[in-house]
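A.B. asks: Provided below for reference: sequence and predicted model.
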Amino acid sequence: MEMQILLFGIALPSFVGAAFGIWFMRRKQAGRLDCFVGLALATTLFLSAMSEDSLIQFMALNRWLWFPISMLLGAVVVGAGLLFAQSPLTRTLVVLASTISAAILLNIPSWEIFTNRLFLGVGAATSAIFLAQVVKRRANISTYIALSLSLIGPSVLVMLSGFAKLAIPIGAVSFCLGIISLVHIAIQSKSLDHAVGLSGAVVIASIAAFGAATGFGYDTTNLPISSWVIAAIAPLGLWLGELPMIRSRPTLSAWARICGCAILAATAILIAALFLSSNSHSLSE
Amino acid sequence: MFLSLAPTLTFAASLLFMLVANTQQSPVVAPVVAPTTAQTTQNKSAADATVWKIDDTHSMGLFRVQHSGAGMFWGRFDGVTGIITTSGIPTGTLALDVSIDTNSVSSANKDLDGHLRSPDFFSVKEFPTMTFVSTSSKKLPGNMWEVSGNLTMHGVTKLITTNVEMTGQAESPRGKKIGFEAVFTIDRSEFGMSYGVEKNAIGNSVRITVALEAGSS
């Protein structure tokens, strides 16, 4: 069973997403197809989720599948919008439209109230905009590695809460980003300098935020809310590399970006693990 | 001026209505499978009908499923509530209306309990209860009845038929007591719980035992 999960749940979707992502990044003729990098990542999430659950059933039964569906929709909205949006204001509006349209679809336990989902969408958009600032400046391997590590946080947290079918797709996107960073290293191509772009930043920020929200919504182990919040904002750890005393030093800045995301992801996991461990001890006393 | 604004106002009103309606949106409800058209025997609402309230302390549900194609894994539910209606026991009719709190699932392993409560299995946040409501009963020899009814689990309702055994009756200072037990088998994938089935990690066929004790004041 584990091999099948690794193959169909993680490896295949990740390679498909990475292949599309790299293809979009290499197509520089107008430098515009990078707006669909996010769609490649959302496709990885979707394919992995479909391997865990049947699409045929989801209309009636499995509401958690609205999460990968909403991510796909958000990726399409941001990709298509960025094709035409040129000014900073219109690009911001596109980001908002993407996350809010994704939030509208996310009708899952604990998020049935529409206004709560609206706030979640606005929060994800804010996170995405902040993330995009760094991604635009730091289009290199360390950014991919850092973002890959950041998504391990929500993935492991969801797994600790007992929801394997959600943890695997988020982990697949993390793995996909890892593959892209390896390809960067392998081919040393200067043409891959768009990195994930604004669309990728929106989708990654959304996957972290909505993934954590979905995990929180289904959580029956009552993990601390702080762990879910930290996991949701883990990609913003990139900003550690932008501190004034660090950002002018490329190597230190790269390591700071990686450490920033890793620390946030690890903190979320540690809080959850300590909580679960203390609960086990109190039950056995 | 007002006439030129009318379409805009109408559109805005429609948008506002949709937003308000969205706040009233209820969770997705699974489609209900209607029972078969087989002739049903209506329970008599005669004067001799007795209504028994299920004692959740002394009632439970057990399930057994094969793990990794090898051993059998057992789990239990404790939050069993509901009503049993009998008429003319031990020869008359039997009606069951049983509800089980899915959050009460227990495997004696805390980590596994969390997994069982997740959407991988019972998804207790979406489906906090599973129910059985009988539609007909037929007296069999001895203390047995053949009971048909709608089993609703994980948002799916299916008609099942099972033999129910009356395990005993007693008089106590707190009133009369009666006990029933049923054992039946389902395919969990038919109820949308297919995690591990394709990979043969966890069996599809689940044997369920329900033991009920009920009291009548």
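C.D. replies: On my side now, so go ahead. Numbering: from 1, shown residues only, chains lettered A, B, ... in the order given.
A.B. asks: so how far is stretch A:157-169 off the chain centroid?
C.D. replies: Stretch A:157-169 sits 14 Å away from the centroid of its parent chain (Cα atoms, centre = their mean, to the nearest Å).
A.B. asks: Can I get that stretch in CSV? Just the C-alpha atoms.
C.D. replies: Output for stretch A:157-169, consisting of C-alpha atoms alone and laid out as CSV, is shown next (Å, rounded to 0.1, in the frame of the first residue of the first chain):
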residue,chain,number,x,y,z
LEU,A,157,0.3,18.7,10.7
VAL,A,158,-2.6,17.2,8.8
MET,A,159,-1.0,13.8,9.0
LEU,A,160,-0.7,14.2,12.8
SER,A,161,-4.4,15.0,13.0
GLY,A,162,-5.1,11.6,11.3
PHE,A,163,-6.1,12.9,7.8
ALA,A,164,-3.7,11.0,5.5
LYS,A,165,-5.8,11.6,2.3
LEU,A,166,-5.2,15.4,2.7
ALA,A,167,-1.6,15.2,3.9
ILE,A,168,-0.4,13.3,0.8
PRO,A,169,-1.5,15.8,-1.8
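A.B. asks: What's the mean pLDDT across that stretch?
C.D. replies: Averaged across stretch A:157-169, pLDDT comes to 93.
A.B. asks: Mind checking if it is in reach of chain B?
C.D. replies: Yes. Among the residues of stretch A:157-169, A:S161, A:G162, A:F163, A:A164, A:K165, A:L166 lie within reach of chain B under Cβ under 8 Å from any Cβ of the partner chain. In short, each C-beta sits where N, CA and C put it, glycine included.
A.B. asks: quick one: which of those is nearest to A:V135?
C.D. replies: Nearest to A:V135 among the residues of stretch A:157-169 next to chain B: A:L166, at 25.0 Å, using Cβ to Cβ.
A.B. asks: coming back round to it: highest neighbour count among the residues of stretch A:157-169 next to chain B?
C.D. replies: Using other Cβ atoms under 10 Å in any protein chain shown as the neighbour definition, the residues of stretch A:157-169 next to chain B reach their maximum at A:L166, which records 28 neighbours.
A.B. asks: correct me, but that residue touches A:D219?
C.D. replies: No. Look at A:L166 against A:D219 with Cβ atoms under 8 Å: they stay out of range, at 10.4 Å.
A.B. asks: I'd like to know how many residues surround the residue in chain B that chain A sits nearest to.
C.D. replies: In chain B, the residue found nearest to chain A is B:G114; the distance is 3.4 Å by Cβ to the nearest Cβ. By other Cβ under 10 Å, the residues close to B:G114 number 21.
A.B. asks: A:I145 - how many residues pack around it?
C.D. replies: Burial of A:I145 is recorded as 22 neighbouring residues (other Cβ under 10 Å).
A.B. asks: From A:A75, how far out is it?
C.D. replies: 22 Å (Cβ to Cβ, to the nearest Å).
A.B. asks: same check, this time on A:I269
C.D. replies: Remark: distance between A:I269 and A:A75 (Cβ to Cβ) = 26 Å.
A.B. asks: neighbour-wise, which of the two wins?
C.D. replies: Neighbour tally, A:I269 and A:A75, criterion other Cβ under 10 Å: the higher count belongs to A:A75, 29 against 22.
A.B. asks: Dig out what the most centrally placed residue in chain B forms beta bridges with.
C.D. replies: The C-alpha lying nearest the average C-alpha coordinate of chain B belongs to B:T131 (Cα atoms, centre = their mean; 1.9 Å). Note on B:T131: beta-bridge partners by DSSP bridges are B:S99, B:T152.
A.B. asks: any idea how far B:R207 is from it?
C.D. replies: 19 Å.
A.B. asks: ok, now A:V202?
C.D. replies: Remark: distance between A:V202 and B:R207 (Cβ to Cβ) = 48 Å.
A.B. asks: need the helices for chain B, in chain order.
C.D. replies: Under the criterion DSSP state H, helices of chain B are mapped to B:2-23, B:110-117.
A.B. asks: ok, of those, where does mean pLDDT dip lowest?
C.D. replies: For the helices of chain B, mean pLDDT drops lowest on helix B:2-23, to a mean of 40.
A.B. asks: in chain B, which strand has the most residues?
C.D. replies: For chain B, the strand reaching the highest residue count under DSSP state E is reported as strand B:156-172.
A.B. asks: can you pull the alpha-carbon coordinates of that strand into PDB?
C.D. replies: The C-alpha trace of strand B:156-172 is given here as PDB (Å, rounded to 0.1, in the frame of the first residue of the first chain):
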ATOM      1  CA  VAL B 156     -25.200   7.100   2.400                       C
ATOM      2  CA  THR B 157     -28.500   5.300   3.200                       C
ATOM      3  CA  LYS B 158     -29.000   1.700   2.200                       C
ATOM      4  CA  LEU B 159     -31.700  -0.900   2.900                       C
ATOM      5  CA  ILE B 160     -30.300  -3.800   4.800                       C
ATOM      6  CA  THR B 161     -31.900  -6.900   6.300                       C
ATOM      7  CA  THR B 162     -30.600  -8.600   9.400                       C
ATOM      8  CA  ASN B 163     -31.600 -11.200  12.000                       C
ATOM      9  CA  VAL B 164     -32.200  -9.700  15.400                       C
ATOM     10  CA  GLU B 165     -32.100 -11.900  18.500                       C
ATOM     11  CA  MET B 166     -33.900 -11.100  21.700                       C
ATOM     12  CA  THR B 167     -31.300 -12.000  24.300                       C
ATOM     13  CA  GLY B 168     -33.400 -11.600  27.300                       C
ATOM     14  CA  GLN B 169     -36.000  -9.900  29.400                       C
ATOM     15  CA  ALA B 170     -36.000  -9.000  33.100                       C
ATOM     16  CA  GLU B 171     -37.700  -7.100  35.800                       C
ATOM     17  CA  SER B 172     -35.600  -4.900  38.000                       C
END
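A.B. asks: buried residues in it?
C.D. replies: Buried residues in strand B:156-172, defined by neighbour count with 16 or more other Cβ atoms under 10 Å in any protein chain shown: B:V156, B:T157, B:I160, B:T162, B:V164, B:M166.
A.B. asks: Against which helices or strands is that strand packed?
C.D. replies: Under the contact criterion of 3 or more Cβ pairs under 8 Å, 6 or more residues apart in numbering or on different chains; DSSP states H and E, strand B:156-172 touches strand B:129-140, strand B:144-153, strand B:175-187.
A.B. asks: before we move on, back to that, contacting residues around the residue nearest to the centre of chain B?
C.D. replies: Under the criterion of Cβ atoms under 8 Å, 6 or more residues apart in numbering or on different chains, the contact partners of B:T131 comprise B:G82, B:D97, B:V98, B:S99, B:I100, B:N150, B:L151, B:T152.
A.B. asks: The longest strand of chain B - what's its average pLDDT?
C.D. replies: 94.
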